[in-house]
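Engineer: Provide a 3D model corresponding to the input given below.
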Amino acid sequence: MTPQSTLTTEALRPIAVPEGSYRWLDSNDPAAEVGAPDEGYLREGYGNYEDLSRIIAKHNGYRPGPVRGWYVIAELDGSSGFVVGQMRADAGCPVQFFSDHIFPTEEAARQRAEQMRSNQPGVMRKPILP
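Structural biologist: Next comes the predicted model:
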């Protein structure tokens with residue numbers, strides 16, 4: 001399934017994601033890439049998500065910005081569909097949503113997130129066996 005392209009991000013708001021805790025980017029934007037410059041992501045006393053960003057940064061090899069392999073989906077307000085996003089090691093804005101990855105169904109968005117994760121899996125851990 002292909003993403004919807006007729007919606008503008010100004011009119012879209014992810015449900016249950018606090019205002020100001022996310023940003024919209026195109027997936028081809030250089031700022032969306034893992035390792036993109038991100039000043040002050042772990043400054044003391046910065047942002048509402050300081051503790052979360054420290055945990056995410058640890059999983060990201062103590063690097064700022066987008067975390068390889070950590071893709072999420074969110075439902076959009078007003079029956080606009082579902083959007084694929086990516087977690088960030090950023091105390092002020094821990095999620096980036098991709099304006100070019102908006103889908104009409106949850107299943108389509110989930111499939112795209114899984115495809116993106118398989119292309120850039122991030123840190124892989126061995127399962128703990130009994």
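Engineer: tell me the pLDDT of Asp38.
Structural biologist: With respect to pLDDT, Asp38 has a value of 59.
Engineer: and the lowest-mean-pLDDT helix or strand in the chain, what does it pack against?
Structural biologist: Ranking every helix and strand in the chain by mean pLDDT, DSSP states H and E puts helix 50-59 at the bottom, with a mean of 82. When contacts are defined as 3 or more Cβ pairs under 8 Å, 6 or more residues apart in numbering; DSSP states H and E, helix 50-59 sits against strand 65-75, strand 82-89. The C-beta positions use only the backbone N, C-alpha and C, and glycine is treated the same way.
Engineer: now with 7 Å, please.
Structural biologist: strand 82-89 (3 or more Cβ pairs under 7 Å, 6 or more residues apart in numbering; DSSP states H and E).
Engineer: the strand it packs on to strand 65-75, inter-axis angle?
Structural biologist: 150 degrees (axes from the mean of the first three to the mean of the last three Cα atoms, to 10 degrees).
Engineer: and the helix or strand following strand 82-89, which strands flank it?
Structural biologist: Next helix or strand after strand 82-89 toward the C-terminus (DSSP states H and E): strand 95-103. Looking at strand 95-103 with DSSP bridges, its partner strands are strand 22-25 (parallel), strand 82-89 (antiparallel).
Engineer: ranking those by mean neighbour count, which comes first?
Structural biologist: The highest average neighbour count among the strands paired with strand 95-103, using mean count of other Cβ atoms under 10 Å, belongs to strand 82-89 at a mean of 26.
Engineer: report the buried residues of stretch 61-72.
Structural biologist: Buried residues in stretch 61-72, counted by 16 or more other Cβ atoms under 10 Å: Arg63, Pro64, Gly65, Pro66, Val67, Arg68, Gly69, Trp70, Tyr71, Val72.
Engineer: and stretch 24-33, by the same measure?
Structural biologist: Trp24, Leu25, Ser27, Ala32.
Engineer: now the end-to-end length of that stretch.
Structural biologist: End-to-end distance for stretch 24-33, by Cα to Cα, to the nearest Å: 13 Å.
Engineer: ditto for stretch 83-100
Structural biologist: 9 Å.
Engineer: now render the strands paired with strand 95-103 as a markdown table, adding mean pLDDT and distance to Leu52.
Structural biologist: Formatted as a markdown table, these follow (pLDDT from 0 to 100; distance: least, Cβ to Cβ, whole Å):
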| stretch | mean pLDDT | distance to Leu52 |
| --- | --- | --- |
| strand 22-25 | 90 | 13 |
| strand 82-89 | 92 | 9 |
